[in-house]
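> Fold the following and give me the result.
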Amino acid sequence: MTSPLIWLALGTFVVGTEGFVIAGLLPDIAAEAGISVAQGGTLVTAFSVSYAFGSPVLATLFGNIDRRRILTATMVLFAVSNLAAALTSSFEALLLTRVVMALSAGLYAATAQATAIALAPPERRARAIAVVVGGTTVAVALGAPIGALLATLTGWRGTFAAIAAVSVVAAVAILSKIPAHLRGTRIPLRERATTIVKPGILPILATTLLAMTGGFSVFTYLAPLAVEGAGLPATVIPGLLLAWGVGAALGNFVGGQVADRYGARATAIFAVFGLGAILSIISLATKFLSSALAGPVVIGLTVLWGIMGWMTLPAQASRLVALHPASAPVSLSLNASALYLGVALGSLLGGAVINVGTSADLGWVGAIPVALALLIVLATGRLPALGRSPALSEGSVP
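Presented below is the predicted three-dimensional model:
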């Protein structure tokens, strides 16, 4: 008998695929809409801002409603919004559908992890969360590249239509496989807000924000960076997303192992430093190497970039939990908001770079907020040691 957790993970896989595949679709969307790729980047900004601020608000409003109903409804809404995106006739309508996607995705992710905890016995709760959040890792490694490949065959609308279809499958499975009458408790917005000002929390959240800002100022515009900057053909974009996804999956696993052995703060320092260095080298490669050399170098660096970027997540989660264990559910949800706000700021920063410079400038500009994140980690005192759990190995955020 298939575990109900698998169906929850299918939902996080669908949500994660849509969230990461957009980087490979932006050039085609922008071309059809008659706008620049930088303007197309507002699709990422709108999604990320809506997720960052909408998720805690919706989780507060619907925290005590039957979780099966919430999970099914959000997945249906996600399916409808993706289908609407596939059928849109204007960029403004597409932008609106991404806002709806973000709100439904944020509420789904929070509810799915809470449901995983409710379904598992106490000694297996961390593993249950890891299974559910693992859907996102699979989405990064496989879902986004497959979605980008599908776009090369059917157009970007075909990718949205396919995501809508899988979302329907997930909704039906959740409705039939998840037990009814599972209810949680609301965490008031005031409690979420007051957690930010607890000693040590804000610097860690700022580190996440700045690291994501730097990384996603480049990732959002990965397609123009590869084609215009590195001279790669557009058909390589799915493979480039796969390279980044494989690196991300490896980095997420290694990050937890390294944090166990050497400490979460040391891991964060290493990963953030590595991320900044790799982004800078990407700029140097696209600026000064010939196309014959720049393309292969960028592909190789993309794997390392994925490793370093995703090593940061379990380390940051471990630091938060160690700092204030009783506030972990709230602090980790705030970390998720910081992550998505960083994605939003990164898309704006990268768009500004493309407007005033070239795609080859993305890497070194993205390295600037990453350098600021490194300074914050270095200035932050050592935190209590914390043994890593399977939940944190996936960079989980309740």
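
> per-residue pLDDT, the residue located most distally from the centre of the chain?
Most distant residue from the mean C-alpha position of the chain: residue 290, 32.1 Å away (Cα atoms, centre = their mean). Per-residue pLDDT puts residue 290 at 86.

> Tell me, how many residues neighbour residue 83?
19 (other Cβ atoms under 10 Å). Quick note: C-beta positions are derived from backbone N, CA and C, even for glycine.

> just for the stretch 251-398 of the chain, where's the confidence low?
328-329, 381-398 (pLDDT under 70).

> Run through the helices of the stretch 101-250 of the chain in chain order.
Applying DSSP state H, counting those that start in this stretch to the stretch 101-250 of the chain gives helices spanning 125-138, 144-154, 156-177, 189-196, 201-219, 222-224, 237-262.

> What's the first helix or strand after the last one?
Downstream of helix 237-262, the first helix or strand assigned by DSSP states H and E is helix 264-288.

> So which elements touch that next one?
helix 201-219, helix 237-262, helix 291-323, helix 362-379 (3 or more Cβ pairs under 8 Å, 6 or more residues apart in numbering; DSSP states H and E).

> If we use 6 Å, what do you get?
The elements that helix 264-288 packs onto, with contact taken as 3 or more Cβ pairs under 6 Å, 6 or more residues apart in numbering; DSSP states H and E, are helix 291-323, helix 362-379.

> Turn those into TSV, including distance to residue 116 and mean neighbour count.
Converted to TSV, those look like this (distance: least, Cβ to Cβ, whole Å; neighbours: other Cβ atoms under 10 Å):
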stretch	distance to residue 116	mean neighbour count
helix 291-323	16	23
helix 362-379	30	21
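
> circling back: could I get the helices of the stretch 101-250 of the chain as TSV with mean neighbour count and distance to residue 104?
As requested, those are exported to TSV (neighbours: other Cβ atoms under 10 Å; distance: least, Cβ to Cβ, whole Å):
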stretch	mean neighbour count	distance to residue 104
helix 125-138	22	15
helix 144-154	20	18
helix 156-177	20	9
helix 189-196	14	20
helix 201-219	25	21
helix 222-224	24	25
helix 237-262	22	23
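
> mind checking which of the ones you listed is nearest residue 285?
Proximity to residue 285, assessed across the helices of the stretch 101-250 of the chain by Cβ to Cβ, is greatest for helix 201-219 (12.5 Å).

> Taking helix 362-379 as reference, get the angle to the closest one.
170 degrees (axes from the mean of the first three to the mean of the last three Cα atoms, to 10 degrees).

> hmm, who's touching helix 201-219?
23, 196, 272, 279, 309, 312, 316, 319-320, 331, 334-335, 338-339, 341-343, 345-346, 349-350, 362-363, 366, 369-370, 372-373, 376-377, 380 (Cβ atoms under 6 Å, 6 or more residues apart in numbering).

> of all the helices of the stretch 101-250 of the chain, which lies closest to residue 78?
Among the helices of the stretch 101-250 of the chain, if distance is taken as Cβ to Cβ, the winner is helix 156-177, at 5.0 Å.

> what helices or strands is that closest one leaning on?
When contacts are defined as 3+ Cβ pairs under 6 Å, 6+ apart, helix 156-177 sits against helix 4-33, helix 67-87, helix 144-154.

> need the contact list for residue 71.
Residue 71 sits next to 111, 174 when contact means Cβ under 6 Å, 6+ apart.

> ok, 7 Å please
Taking Cβ atoms under 7 Å, 6 or more residues apart in numbering as the contact definition, residue 71 lies against 11, 108, 111, 112, 115, 174, 178.

> What is the neighbour count of the last one?
Neighbouring residues of residue 178 were enumerated by other Cβ under 10 Å; the total is 22.

> same deal with the first one?
Neighbour count of residue 11, defined by other Cβ under 10 Å: 28.

> try the third one
A total of 26 residues lie near residue 111 under the criterion other Cβ under 10 Å.

> Would you quantify the distance from it to residue 202?
From residue 111 across to residue 202, the span is 27 Å (Cβ to Cβ, to the nearest Å).

> One more: the first one?
Distance of residue 11 to residue 202, given as Cβ to Cβ: 31 Å.

> Next: the fifth one.
Counting by Cβ to Cβ, the gap between residue 115 and residue 202 amounts to 30 Å.

> try residue 283
Look at residue 283 and residue 202: by Cβ to Cβ, they are 30 Å apart.

> what does residue 345 give?
Residue 345 sits 17 Å away from residue 202, going by Cβ to Cβ.

> Quick check: nearest residue in space to residue 95, chain neighbours excluded?
residue 46 (5.5 Å; Cβ to Cβ, 6 or more residues apart in numbering).

> what inclination does the helix or strand hosting that neighbour have with respect to helix 189-196?
Applying DSSP H and E as the criterion places residue 46 in helix 42-61. Interaxial angle, helix 42-61 versus helix 189-196 (the same axes, to 10 degrees): 110 degrees.

> list the buried ones in helix 42-61?
42-56, 58-60 (16 or more other Cβ atoms under 10 Å).

> need the helices and strands packed on helix 156-177 in a markdown table with distance to residue 136 and mean pLDDT, can you?
Listed next are the helices and strands packed on helix 156-177 as a markdown table, based on distance: least, Cβ to Cβ, whole Å; pLDDT from 0 to 100:
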| stretch | distance to residue 136 | mean pLDDT |
| --- | --- | --- |
| helix 4-33 | 4 | 93 |
| helix 67-87 | 14 | 96 |
| helix 144-154 | 11 | 94 |
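
> possible to save these as a markdown table with distance to residue 267?
As requested, the helices and strands packed on helix 156-177 are exported to a markdown table (distance: least, Cβ to Cβ, whole Å):
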| stretch | distance to residue 267 |
| --- | --- |
| helix 4-33 | 23 |
| helix 67-87 | 33 |
| helix 144-154 | 25 |
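
> Relative to residue 268, which of those is closest?
With respect to residue 268, and counting by Cβ to Cβ, the nearest of the helices and strands packed on helix 156-177 is helix 4-33 at 22.4 Å.

> Please consider this matter closed, and thank you.
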